[in-house]
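Q: Need coordinates for the below:
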Amino acid sequence: MNIYVIMKQTFDTEEKIVLRDGRIEEDGVKFVINPYDEYAVEEAIRLKERHGGLVVAVSVGPDRAAEALRTALAMGADEAALIADERIGGDEYSVSRALAAYFATQAPQPFDLILGGSFSIDNGSGQVAVRLAVLLDIPHVSSVTRLTVDNGQATALRDAEGDSETIELALPALITAQQGLNEPRYPSLPGIMKAKKKPLRTLRLEDVGLTEADITPKTERQSLALPPARQAGKLLQGDPAQQAEELVQLLRTEAKVL
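A: Down below sits the predicted model:
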């Protein structure tokens, strides 16, 4: 079974966000595999352990994203590919087009299954996997918390806004992981040493047969701002009727929600 994992490098969840000139400051910041993508990497390795085959981690991003791919290799992935081209940017349409072109031209083996995280913790759009499935014309299931694969069929239990759904689908397919699918392993020292010798290809737009015009963004970020600082709370005085009256007044004049 040939399993590919689409993944992204994101800020460590404990990093403080600092804006400078309308952009997120990256100097000195620790980057990690997007946590939801870690579940996808772990599931791919577990499936390979059961069924055999190949696990390839693929990312679109800057050169530093190679570090996240090396972590996936240390966890147990066999190969990795990084599409690193500043012309791609962060637009989900552009990223999905680049990934689709990779699968059409550069994938070392035809894919049976593509795994990814349900969304990234930075943008949180959850669009790339859905767009990629459409471009590849394969079925897609999101937010999966349990997955079994056997004889060219997959059965996925997905989180559905507090409920759950069981979906059966034929491979090849694209499935995104939700928290609870598994517990990702830590890379072992032997795994880290082996990862240094595993193939990690770096590609440009031309390598996947695309031009800058092919990935023209469909969205544009107009501005970026931190949320307003939290204000101190207020203690309302008086009996319940007086407190209710003052609360309504504050909601109208200060919070402006009434």
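Q: tell me the helices in the stretch 101-250 of the chain, going along the chain?
A: Listed in chain order, the helices of the stretch 101-250 of the chain (DSSP state H, counting those that start in this stretch) span 128-136, 189-195, 240-253.
Q: name the helices or strands packed onto the helix ranked longest in the chain?
A: In the chain, with assignment by DSSP state H, the single longest helix is helix 35-51. Using 3 or more Cβ pairs under 8 Å, 6 or more residues apart in numbering; DSSP states H and E as the contact test, the elements touching helix 35-51 are strand 2-7, strand 54-60, helix 66-75, strand 113-117, strand 140-150, strand 173-177. To be clear about C-beta, it is placed using only N, CA and C from the backbone, and glycine gets the same treatment.
Q: can I get those in JSON lines with mean pLDDT?
A: Shown next, in JSON lines, are these (pLDDT from 0 to 100):
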{"stretch": "strand 2-7", "mean pLDDT": "97"}
{"stretch": "strand 54-60", "mean pLDDT": "97"}
{"stretch": "helix 66-75", "mean pLDDT": "97"}
{"stretch": "strand 113-117", "mean pLDDT": "97"}
{"stretch": "strand 140-150", "mean pLDDT": "95"}
{"stretch": "strand 173-177", "mean pLDDT": "97"}
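Q: so which of these comes closest to Leu250?
A: strand 140-150 (38.5 Å; Cβ to Cβ).
Q: Would you mind putting the helices and strands packed on helix 35-51 into TSV with mean neighbour count and distance to Gly209 alongside?
A: Listed next are the helices and strands packed on helix 35-51 as TSV, based on neighbours: other Cβ atoms under 10 Å; distance: least, Cβ to Cβ, whole Å:
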stretch	mean neighbour count	distance to Gly209
strand 2-7	26	18
strand 54-60	25	15
helix 66-75	22	22
strand 113-117	28	19
strand 140-150	19	23
strand 173-177	26	21
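Q: JSON lines for those, including distance to Lys30?
A: Formatted as JSON lines, the helices and strands packed on helix 35-51 follow (distance: least, Cβ to Cβ, whole Å):
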{"stretch": "strand 2-7", "distance to Lys30": "17"}
{"stretch": "strand 54-60", "distance to Lys30": "17"}
{"stretch": "helix 66-75", "distance to Lys30": "10"}
{"stretch": "strand 113-117", "distance to Lys30": "19"}
{"stretch": "strand 140-150", "distance to Lys30": "27"}
{"stretch": "strand 173-177", "distance to Lys30": "22"}
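Q: Please name whichever of those is nearest to Arg23.
A: Across those, closest to Arg23 is strand 54-60 (Cβ to Cβ), at 19.2 Å.
Q: Mind exporting the C-alpha coordinates of that closest one to CSV?
A: Taking C-alpha atoms only, strand 54-60 is exported to CSV below (Å, rounded to 0.1, in the frame of the first residue of the first chain):
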residue,chain,number,x,y,z
LEU,A,54,5.6,2.9,1.3
VAL,A,55,4.9,6.1,3.3
VAL,A,56,5.8,9.4,1.7
ALA,A,57,5.5,12.8,3.5
VAL,A,58,4.8,15.8,1.2
SER,A,59,4.7,19.5,2.1
VAL,A,60,4.4,22.9,0.4
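Q: tilt between it and helix 66-75?
A: Here strand 54-60 runs at an angle of 170 degrees relative to helix 66-75 (axes from the mean of the first three to the mean of the last three Cα atoms, to 10 degrees).
Q: Which among the helices and strands packed on helix 35-51 is found nearest to Tyr93?
A: Using Cβ to Cβ, the helices and strands packed on helix 35-51 put strand 54-60 closest to Tyr93, at 11.9 Å.
Q: Sheet partners, orientation included, of the closest one?
A: Paired neighbours of strand 54-60 in the sheet (DSSP bridges): strand 2-7 (parallel), strand 79-83 (parallel).
Q: Contacts for the last one, please.
A: By Cβ atoms under 8 Å, 6 or more residues apart in numbering, the list of residues contacting strand 79-83 from outside reads 54-61, 63, 65-66, 69-70, 72-73, 98-99, 102, 106, 108, 198-205, 207-208.
Q: quick one: strands adjacent to the helix or strand of the chain with the lowest mean pLDDT?
A: Taking mean pLDDT, DSSP states H and E as the measure, strand 23-24 is the helix or strand of the chain with the lowest mean score, a mean of 78. According to DSSP bridges, strand 23-24 forms sheet pairs with strand 19-20 (antiparallel).
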